[in-house]
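Student: please work out how this folds:
(one chain, ligands or ions: 1)
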Amino acid sequence: MLNIALFGPPGAGKGTQSEFLINKYKLFYISTGDILRKEIQEESKLGLEAKNIIEKGGLASDEIIVQIIEKTIKDNPEANGFLFDGFPRTKIQAYILSGLMIKLNTTLNRLISIEVPEEVSTKRLMERGKTSGRSDDNEDVIRNRLREYNKKTLPVLDFYKDKNVLSIVDGTQTIEQVTADLTNIIEEELNKNLLNIVMFGYPGSGRGTQAKALAKKYGLEYIAAGNMLEEEIKKGTEIGKEIKELYDNGQLVPDEIVVPLIENKIENSKQAKGFIFKGFPRTLVQSYILEGILKKHGLSITKMYELEVSPFELVKRLEYRRKQQYAKSYDSSTAKILYRLEQHENTTVKVIKRYRKTHDVVKINGMDTIENVFAKITEDIETGAKNLR
Ligand code: AMP
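Tutor: So this is what the prediction gives:
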């Protein structure tokens, strides 16, 4: 999903720019102002409640706005993403938006502030008032709207400043120039990592197979902690030697070794459209670490899957793999296999449980062919906003 909010005083050109952006990026447009005007026209309860205050140039209550926004989002589960115009307009609404984005398992990618000085926006609104038919486009009300903007809306920027999602555009330029600036910002956003998946499941559930296939399909960087450790051993690096010694003594590789490897990979994967993690996080500590690493890079987990496979089938698959040439060193004996299954049961299941409270961990039946399991996962990825609970 791509979620953008256009910010700026009345008359900044948010509405004008929106028309172009929603067509180009197939975003669903949510203009709280438009929705309120429609409600007023239809004389709905909500409209009647908001009418007075809007006509005076004040702001409708956050309670009304949250109802509008939630309903609109829920009514459009197929949306590619949303373009918000005139929302969030208060700090409270910024919190509301964060909450709604979490519910959708997504985030606000950018809040773009179109800056224009007060004289310019006043002049534009007066001009618009001649033809817009909007009762709030007259001098007294415009002054009030700008006063409300300075008092209640501008502080919203503080909310986003240190979140790394704020962009600023000079709104005094021509319409075309502003459009070009907005397009550049959005293109840059699209090139960023948009899909970050964590793949859970017991060893043998098919996590690696599916994760690799997903990485290929969606241009993601595949991050498998176990494989990375194996690679270090193979390359014979200093870390590799250390890992080998730990393995040979049957000890776990400490986070001090695993974490820098993962962080390195994330930092060096500027081309990737996202990341898919397998075998990490496998402990609660690692789940906090992952959040920290992602946050540092302005990323978050967008999807989590848990592949479900019966214990008998797991053992069958792992025992089969053990005897193949491509067997991993970590499943080279039945004892090792059982140990890994037990480890998962005792530590990683807790991680999944923790995530269940904050994320939508989607269970996928893994007792199917590789192709069918893959089809189920990709279908879920592509339904996007459908997961609104
Ligand atoms: P707009 O079309 O965005 O200029 O909005 C017109 C009027 O609708 C504003 O002056 C407010 O009275 C009201 N309004 C629109 N969006 C919001 C919002 N997010 N919060 C409160 N009031 C809003």
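Student: quick one, helices of the stretch 101-250 of the chain?
Tutor: Under the criterion DSSP state H, counting those that start in this stretch, helices of the stretch 101-250 of the chain are mapped to 118-132, 139-148, 156-161, 175-190, 207-218, 225-235, 238-248.
Student: tell me the most buried of these?
Tutor: For the helices of the stretch 101-250 of the chain, ranked by mean neighbour count under the definition mean count of other CB atoms under 10 Å, the leader is helix 207-218 at a mean of 19. C-betas here are computed from N, CA, C, even on glycine.
Student: between helix 225-235 and it, find me the angle.
Tutor: Regarding helix 207-218 and helix 225-235, their directions subtend 90 degrees when assessed with axes from the mean of the first three to the mean of the last three CA atoms, to 10 degrees.
Student: now helix 207-218, how far from the chain's geometric center?
Tutor: Centroid displacement of helix 207-218 relative to its chain, using CA atoms, centre = their mean, to the nearest Å, is 19 Å.
Student: what domains does the record give for this protein?
Tutor: When the chain is parsed into structural domains using automatic domain parsing, the resulting residue ranges are 4-190, 195-387.
Student: is the shortest one up against the ligand anywhere?
Tutor: Yes - contact of domain 4-190 with the ligand (CB under 6 Å from any ligand atom) involves 10, 32-33, 36, 54, 57-60, 65, 86-87, 89, 93, 136, 145.
Student: what's the straight distance from one end of that domain to the other?
Tutor: With CA to CA, to the nearest Å as the measure, domain 4-190 spans 11 Å from end to end.
Student: on that earlier part again, make TSV out of the domains of the chain and add mean pLDDT.
Tutor: Conversion of the domains of the chain to TSV gives the following (pLDDT from 0 to 100):
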stretch	mean pLDDT
domain 4-190	93
domain 195-387	90
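Student: re earlier: among the residues of domain 4-190 next to the ligand, name the buried ones.
Tutor: The neighbour-count test (16 or more other CB atoms under 10 Å) marks 10, 32-33, 36, 54, 57-60, 65, 86-87, 89, 93, 136, 145 as buried among the residues of domain 4-190 next to the ligand.
Student: farthest-apart pair in these, please.
Tutor: The most widely separated members of those, counting by CB to CB, are Q93 and D136 (19.0 Å).
Student: just the closest residue of this protein to the ligand, please.
Tutor: The nearest approach of the chain to the ligand comes at G33, 2.0 Å away (CB to the nearest ligand atom).
Student: so that residue touches F84, yeah?
Tutor: No - taking contact to mean CB atoms under 8 Å, the distance of 11.1 Å between G33 and F84 leaves them out of contact.
Student: on that earlier part again, which of the buried ones among the residues of domain 4-190 next to the ligand fall within helices?
Tutor: When DSSP state H defines the helices, the subset of these inside them is T32, G33, L36, I54, I65, Q93, R145.
Student: look up the closest residue to the last one, ignoring the ones flanking it.
Tutor: By that I understand R145. For R145, the nearest residue in space outside its immediate sequence neighbours is G57; the separation is 4.2 Å by CB to CB, 6 or more residues apart in numbering.
Student: contacting residues around the one you found?
Tutor: D136, D140, V141, I142, R143, N144, R145, R147, E148 (CB atoms under 8 Å, 6 or more residues apart in numbering).
Student: with distance to A375 added, can I get the residues you listed in TSV?
Tutor: Shown next, in TSV, are those (distance: CB to CB, whole Å):
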residue	distance to A375
D136	51
D140	60
V141	55
I142	55
R143	58
N144	56
R145	51
R147	56
E148	51
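Student: please point out which parts of stretch 26-41 sit buried.
Tutor: For stretch 26-41, burial by neighbour count (16+ other CB under 10 Å) applies to L27, F28, Y29, I30, S31, T32, G33, I35, L36, R37, E39, I40.
Student: which SSE is I266 in?
Tutor: If you go by DSSP states H and E, I266 is part of helix 255-267.
Student: show residues contacting that helix.
Tutor: Residues external to helix 255-267 that are found in contact with it (CB under 8 Å, 6+ apart): 221, 223, 225, 228-229, 232, 239, 242-243, 275, 280, 283, 285-286, 289-290, 293, 297.
Student: repeat that for 10 Å
Tutor: With CB atoms under 10 Å, 6 or more residues apart in numbering as the test, helix 255-267 has contacts from 193, 196, 221-226, 228-229, 231-232, 239, 242-243, 246, 252-253, 272, 275, 277, 279-283, 285-286, 289-290, 292-294, 296-297, 299.
Student: and it, which residues are buried?
Tutor: The neighbour-count check on helix 255-267 (16+ other CB under 10 Å) flags I257, V258, V259, L261, I262, I266 as buried.
Student: ok so, going back, name the nearest residue to the residue of the chain closest to the ligand, ignoring sequence neighbours.
Tutor: With CB to CB, 6+ apart as the measure, G86 is the residue that lies nearest to G33, at 4.6 Å, once sequence neighbours are left out.
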